[in-house]
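1. kindly generate the corresponding structure for this input.
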Amino acid sequence: MKKLNFELAHVRNKGVFVLLSFFLLLGCTQKATKQQKQLSQYPSPMVETTRAHERIAKDHLPGVDFTITDCLAKPVEVYIPEHRSNSEDIDLLIHFHGTGYVAKHAVFHSEHAFVLAVVNLGSGSSAYEKPFVDQAIFPNLIAAIRGSVGFKINRIYLSSFSAGYGAVRALLKNHMQMLDGIILLDGLHTDYVPDRVVLAQGGALNTTKLADFVKFAQFASKGEKRFLITHSEIFPGTYASTTETADYLIDTLHLQRRPELKWGPLGMQRVSEVQEKGLKIFGYAGNTAPDHVDHLHGLGYFLMQLMAD
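-> Numbers count the residues shown, from 1 in each chain. Next up is the predicted model:
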């Protein structure tokens, strides 16, 4: 009898252990599923080896480099190309997000005279947007740059790559009239409404976050501003793609894409374009990470396109 009771107890204990193990496993699975659902985006599994994906070399470029440390949480890199140091008519380009040497290469080789400021504040668009919600920050930054270079700066241009558009969105809301031109390099996004419900499943774009971009695009389409937008074919899945936001701008302004097959910078392949006076929207092939980074390294070409009449 004692032996039987022991065996029954053993079976009960084993059953409890198995049951507890099951619920623990179920809990871990549910937690993993929840974490998977909360990914900021779904990375593309695609691998692309056809296009060249050339990169700007990190060469030494003569000129003056210094940093401004008292305006933002991280230092702002400022660069004056050597051959522009005595210019009387010079503009300012502020670039958000991306390695500074690429932007330096762009302004050094530009036919248009620029002083460059590079702002890197971290990852995610909110890292760039939140600091400029304070309306005093941008004028203070401009004043600090003007006070440091020692000569007059005329017009103000912005460029941003990927998440850097967050800063542009905040600056359009508060300081649109200060801005003469903007380049968005594969980085104009918004939420889906409802959240994470894509257009194909009945979702819509949160157009409130695009309103100021539309307004600036309207100015550019009338020749009053300069605005260049590039986009790839990447589909993040959890928020609107750059193709979808570009489509929204085009439709809102009653413009029409023109399909084309044309070489772009560094081996990029342009597949569509919209040009209306100062507004230019270029669509490029590719839905992989190298295709995305192509847009940053093409900044020199896109800066030239922005300034072309």
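2. low-confidence ranges in the protein?
-> Across the chain, the ranges flagged by pLDDT under 70 are 1-39, 41, 43.
3. swap the cut-off to 80 and go again
-> The chain contains residues with pLDDT under 80 at 1-46, 88.
4. find the centremost residue of it, please.
-> Nearest to the geometric centre of the chain sits residue 162, at 1.7 Å (Cα atoms, centre = their mean).
5. now it. Nearest residue, chain neighbours left out?
-> Among residues not flanking residue 162 along the chain, residue 187 sits closest, at 4.4 Å (Cβ to Cβ, 6 or more residues apart in numbering). For the C-beta atoms, the positions are set from N, CA and C on the backbone; glycine is no exception.
6. for residue 48, same thing?
-> Nearest one to residue 48, counting by Cβ to Cβ, 6+ apart, is residue 288 at 4.2 Å.
7. ok, now residue 80?
-> residue 64 is the one closest to residue 80 (Cβ to Cβ, 6+ apart), at 4.4 Å.
8. number of nearby residues for the nearest residue to residue 199 once chain neighbours are set aside?
-> Counting by Cβ to Cβ, 6+ apart, residue 199 lies nearest to residue 244, which is 6.6 Å off, once chain neighbours are set aside. Other residues near residue 244 come to 19 when the count uses other Cβ atoms under 10 Å.
9. who's in contact with the residue nearest to residue 162?
-> 97, 160, 161, 162, 163, 164, 165, 242, 295 (Cβ atoms under 8 Å, 6 or more residues apart in numbering).
10. quick check, the second one in contact with residue 186.
-> Yep, that's residue 160 we're talking about. No - using Cβ atoms under 8 Å, residue 160 makes no contact with residue 186, being 9.8 Å away.
11. tell me where the chain has strands.
-> Under the criterion DSSP state E, the chain contains strands at 63-68, 76-81, 90-96, 114-119, 153-161, 181-185, 192-193, 204-205, 226-231, 258-263, 269-276, 279-284.
12. next one: residue 250 from residue 220, what distance?
-> 13 Å (Cβ to Cβ, to the nearest Å).
13. of the two, who's got more company?
-> Taking neighbours as other Cβ under 10 Å, residue 250 and residue 220 compare with residue 220 leading, 23 against 19.
14. show me what contacts that one?
-> 226, 227, 276, 277, 278, 279.
15. dump those to JSON lines, plus neighbour count and distance to residue 142.
-> Shown next, in JSON lines, are the contacts of residue 220 (neighbours: other Cβ atoms under 10 Å; distance: Cβ to Cβ, whole Å):
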{"residue": "226", "neighbour count": "24", "distance to residue 142": "18"}
{"residue": "227", "neighbour count": "24", "distance to residue 142": "20"}
{"residue": "276", "neighbour count": "19", "distance to residue 142": "29"}
{"residue": "277", "neighbour count": "15", "distance to residue 142": "26"}
{"residue": "278", "neighbour count": "21", "distance to residue 142": "22"}
{"residue": "279", "neighbour count": "24", "distance to residue 142": "25"}
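16. farthest-separated two in the residues you listed?
-> Largest separation among the contacts of residue 220 by Cβ to Cβ: 226 and 276, giving 11.8 Å.
17. could you break the chain into its assigned domains?
-> 61-179, 190-309 (automatic domain parsing).
18. what segments of the stretch 1-150 of the chain are helices?
-> Assigned by DSSP state H, counting those that start in this stretch, the helices in the stretch 1-150 of the chain fall at 2-37, 100-108, 125-129, 137-149.
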